[in-house]
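> need coordinates for the below:
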Amino acid sequence: MTFDEIMAKVKEMAAGVDASGTDFLAVQVNLTGKNGGVFYVEVKDGKVSAEPYDYHDRNCALSIEPANFVKLMEGKLDPVIAYTTGKLKVEGDLGKALEFSKLIKK
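Numbers count the residues shown, from 1 in each chain. All right, here's what the predicted structure looks like:
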């Protein structure tokens with residue numbers, strides 16, 4: 001999957017997420033390697049948005065290969081296992097990263 005395809009899928013997913021119970025959350029996703037890129041997902045006022053930009057006031061940043069991120073979104077890769085095996089790296093608030101992973105599984 002290309003970065004643009006992943007971004008489109010994330011935006012589509014963001015439009016359908018019920019984030020009414022989630023406080024403010026800002027996560028930057030760094031897709032590494034081939035087809036990599038940077039985007040952020042923000043939850044604010046119960047709405048989820050995703051844009052292909054750096055987010056400097058983020059709660060955390062995730063670094064993951066594009067193929068593994070797609071597996072994460074599809075529920076085929078457990079975020080805790082991905083983190084403990086080194087497939088997913090988290091910079092910042094680990095609790096917010098876990099909250100993000102639960103949000104994308106909804």
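> from the chain's centroid, how far away is the helix or strand of the chain with the lowest mean pLDDT?
Least confident helix or strand, the chain: helix 94-105 with a mean of 85, by mean pLDDT, DSSP states H and E. The offset between the C-alpha centroid of helix 94-105 and the centroid of the whole chain comes to 8 Å, using C-alpha atoms, centre = their mean, to the nearest Å.
> so residue 57 is in which element?
Residue 57 is part of no helix or strand when elements are defined by DSSP states H and E.
> can I get the least confident helix or strand of the chain in CSV, CA atoms only?
Provided in CSV are the C-alpha atoms of helix 94-105 (Å, rounded to 0.1, in the frame of the first residue of the first chain):
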residue,chain,number,x,y,z
LEU,A,94,2.7,5.3,26.1
GLY,A,95,-0.8,5.5,27.7
LYS,A,96,-2.0,7.8,24.9
ALA,A,97,-0.5,5.4,22.3
LEU,A,98,-2.6,2.6,23.8
GLU,A,99,-5.7,4.8,23.8
PHE,A,100,-5.0,5.5,20.1
SER,A,101,-4.7,1.8,19.3
LYS,A,102,-8.1,1.1,21.0
LEU,A,103,-9.6,4.0,19.0
ILE,A,104,-8.5,2.7,15.6
LYS,A,105,-9.9,-0.8,16.5
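> low-confidence ranges in this protein?
105-106 (pLDDT under 70).
> residue 88 contacts residue 61, correct?
No - in this structure residue 88 lies outside contact range of residue 61 using C-beta atoms under 8 Å: 11.1 Å. Glycine gets a C-beta too; all of them are placed from N, C-alpha and C.
> now do the SS call for the residue nearest the centre of the chain.
Central residue of the chain (C-alpha atoms, centre = their mean): residue 29, 5.3 Å from the mean position. For residue 29, the assignment made with DSSP: H, G, I helix; E, B strand; the rest coil gives strand.
> what sits against it?
By C-beta atoms under 8 Å, 6 or more residues apart in numbering, the contact list for residue 29 reads 38-41, 61-62, 64, 69.
> same thing but at 6 Å, please
39, 62 (C-beta atoms under 6 Å, 6 or more residues apart in numbering).
> what about the helices in this structure?
Ranges of helices in the chain, per DSSP state H, are 3-15, 66-73, 79-84, 94-105.
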